[in-house]
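Asker: model the following, please.
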Amino acid sequence: MEARRLMLEGCEAYLAHVIDAEKVNPTLEEIPIVRDFPEVFPDDLPGFPPHKEVDFMIETLLGVVPISIAPYRMAPVELPELKK
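Answerer: Predicted coordinates:
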């Protein structure tokens, strides 16, 4: 609180952000939630799931625009607030 008061009075202030460059990525054993629930997390991950092609498509008609209506009724008093 005193630092804030001094800055408000016009004193210069500096901020330093220090990180430990040696330890960027923690191991799984260092993460508390993994330590607490080891049965949920496998020992080794098999990798990413296989790439799958998209097997569905929404058919649209040329020149047709989506319906533009409110999804629910709104009180007239609320409408100007929404349009702001």
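
Asker: point me to the helix or strand that includes Ala3.
Answerer: Secondary structure assignment for Ala3, by DSSP states H and E: helix 2-8.

Asker: can you list contacts of that helix?
Answerer: The contact list for helix 2-8, computed with Cβ atoms under 8 Å, 6 or more residues apart in numbering, reads Ala13. The C-beta positions use only the backbone N, C-alpha and C, and glycine is treated the same way.

Asker: how far does it sit from its chain's centre?
Answerer: For helix 2-8, the separation from the chain centroid amounts to 33 Å (computed by Cα atoms, centre = their mean, to the nearest Å).

Asker: quick one: mean pLDDT for that helix?
Answerer: The pLDDT scores in helix 2-8 average 87.

Asker: and stretch 21-40, by the same measure?
Answerer: Mean pLDDT, stretch 21-40: 80.

Asker: please compute how far that stretch lies from its chain's middle.
Answerer: Stretch 21-40 sits 21 Å away from the centroid of its parent chain (Cα atoms, centre = their mean).

Asker: may I have it as PDB, with CA atoms only?
Answerer: Taking C-alpha atoms only, stretch 21-40 is exported to PDB below (Å, rounded to 0.1, in the frame of the first residue of the first chain):
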ATOM      1  CA  ALA A  21      14.800 -20.300 -17.300                       C
ATOM      2  CA  GLU A  22      16.200 -23.600 -16.200                       C
ATOM      3  CA  LYS A  23      12.800 -25.200 -15.400                       C
ATOM      4  CA  VAL A  24      10.300 -24.400 -18.100                       C
ATOM      5  CA  ASN A  25       8.300 -27.600 -18.400                       C
ATOM      6  CA  PRO A  26       7.400 -29.500 -15.200                       C
ATOM      7  CA  THR A  27       7.300 -33.300 -15.200                       C
ATOM      8  CA  LEU A  28       4.100 -35.100 -14.600                       C
ATOM      9  CA  GLU A  29       5.100 -35.900 -11.000                       C
ATOM     10  CA  GLU A  30       5.500 -32.200 -10.200                       C
ATOM     11  CA  ILE A  31       1.900 -31.300 -11.100                       C
ATOM     12  CA  PRO A  32      -0.200 -31.600  -7.900                       C
ATOM     13  CA  ILE A  33      -3.400 -32.900  -9.500                       C
ATOM     14  CA  VAL A  34      -1.500 -35.700 -11.300                       C
ATOM     15  CA  ARG A  35       0.100 -36.600  -8.000                       C
ATOM     16  CA  ASP A  36      -3.300 -36.700  -6.200                       C
ATOM     17  CA  PHE A  37      -5.000 -38.800  -8.900                       C
ATOM     18  CA  PRO A  38      -2.400 -41.100 -10.500                       C
ATOM     19  CA  GLU A  39      -5.000 -43.700 -11.600                       C
ATOM     20  CA  VAL A  40      -6.600 -41.300 -14.000                       C
END
